[in-house]
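> Any chance you can model this:
(one chain, ligands or ions: 4)
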Amino acid sequence: KAKKEGTGKVVVFAPQMHAEALARLTLTSDLQRALAHGEFRLQYQPLIRLADGATAGVEALVRWRRPDGRYVAPADFVPMAEENGLIMDIGRWVLLEAGAQAARWRETMPDLHLNVNVSGRQLTDPGFAADVRLMLTEFRLPPTAVTLELTESVLMNDPAGAIARLTDLKALGVRLAVDDFGTGYSSLSYLQRLPVDELKIDQAFIPHAEPTAEDLAVIRAVVEMARALRLRTVIEGIETEAQLAAMRRLGCDLGQGFHLCRPADPERLLSPVAA
Ligand code: C2E
Ligand code: MG
Ligand code: MG
Ligand code: MG
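Ligands and ions are numbered 1, 2, ... in the order given. From the prediction side, this is the model:
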């Protein structure tokens, strides 16, 4: 069960490691099949303007429906797709699919905004900006109607590289958001130098159904900092009326969360008749 490496280090292959390796291989081939057979779908979650309750935009969220009908959450396949590189193709599909849907919606809701999640691997892909440009031209979307969301951890991983890549994307005219803000390790001085437009404050900041004074103090500080940096703020994960009311009072610009609207299939969302 143990194998000697050249260095004399002993590596133990536990049976469980074998099972893990196998599971990873299976997941990779399943993801390849999913791409080829169209098993991915997008759901959309509205971004609500807290001042007046209007729907400012929607965030596209990828879903994987396996042939047996089981859904796999992005947290359970995006990391693997990043590792094996399939996120490039999945991400391109997401961009074009979301772009097409946004264009359809904008026929009746011309101000509707689209947010798309972008993985770290996509950001480093030299062809990514071209993909974004293709999406904009193909569906005649004004660049300012599209926000690309990048997680804080991705941006802080390679700050200098991120600035260069974000600058290329900004040149297309799209908007950029820091996603899951507060879960990574942002250097605040660094944040100031990123060409971003929006801060998405992670739901970890509102852990209580009734926000405590401490919760509020921390979020207020973040919102004030964002305002000083002229960044629009979005608070994620609003699940209760009390949280909604508190975020509105703090002057957070936009909100997202199950209490406002759960992610839903596009046919079920924002149909102009229902609106
Ligand atoms: P995210 O971009 O921060 O998206 C927000 C996540 O929080 C979504 O989970 C959403 O369903 C969930 N959420 C929304 N409101 C609430 C709430 O009130 N309470 C709670 N507990 N959760 C709420 P989802 O769809 O499972 O996505 C998880 C993550 O996977 C996303 O986090 C994003 O980082 C990633 N992801 C999703 N779609 C894509 C994609 O197309 N491309 C890439 N690269 N990543 C994606
Ligand atoms: Mg996001
Ligand atoms: Mg987020
Ligand atoms: Mg999040």
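> isn't residue 193 right up against residue 163?
Yes. If you go by CB atoms under 8 Å, residue 193 and residue 163 touch, sitting 6.4 Å apart. Quick note: C-beta positions are derived from backbone N, CA and C, even for glycine.
> Distance from the chain centre to the one helix or strand residue 233 maps to, please.
Assigned by DSSP states H and E, residue 233 belongs to strand 232-235. In terms of CA atoms, centre = their mean, to the nearest Å, the centre of strand 232-235 is found 14 Å from the chain centre.
> Can you give me the pLDDT of the most centrally placed residue in the chain?
For the chain, the residue sitting closest to the mean C-alpha position, by CA atoms, centre = their mean, is residue 117 at 3.2 Å. Note on residue 117: pLDDT of 98.
> If we go by neighbour counts, what in the host helix or strand of residue 249 is buried?
Using DSSP H and E, the element containing residue 249 is helix 241-250. When burial is assessed from 16 or more other CB atoms under 10 Å, helix 241-250 yields the following buried residues: 243, 244, 246, 247, 250.
> from the residues you listed, which is closest to ligand 1?
residue 243 (8.8 Å; CB to the nearest ligand atom).
> State the distance from the closest one to ligand 3.
16 Å (CB to the ion, to the nearest Å).
> just use 58 as the starting number from now, easier for me
That works, and once the first residue is 58, the last one we named lands at residue 300.
> List the contacts of the residue nearest to residue 116 when sequence neighbours are not counted.
Excluding its sequence neighbours, the residue lying closest to residue 116 (CB to CB, 6 or more residues apart in numbering) is residue 172, at 4.1 Å. Counting by CB atoms under 8 Å, 6 or more residues apart in numbering, residue 172 makes contact with 104, 114, 115, 116, 117, 203, 204, 205, 206, 234.
> and residue 172, that's in a strand?
Yes. Under DSSP: H, G, I helix; E, B strand; the rest coil, residue 172 sits within a strand.
> What would the host helix or strand of residue 139 look like as PDB? C-alpha coordinates only.
Assigned by DSSP H and E, residue 139 belongs to helix 135-141. Backbone C-alpha positions of helix 135-141 (Å, rounded to 0.1, in the frame of the first residue of the first chain) are rendered in PDB as follows:
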ATOM      1  CA  VAL A 135     -17.600  24.700 -10.300                       C
ATOM      2  CA  PRO A 136     -14.400  24.000  -8.300                       C
ATOM      3  CA  MET A 137     -13.800  20.800 -10.200                       C
ATOM      4  CA  ALA A 138     -14.500  22.500 -13.500                       C
ATOM      5  CA  GLU A 139     -12.000  25.100 -12.600                       C
ATOM      6  CA  GLU A 140      -9.400  22.500 -11.900                       C
ATOM      7  CA  ASN A 141      -9.900  20.500 -15.100                       C
END
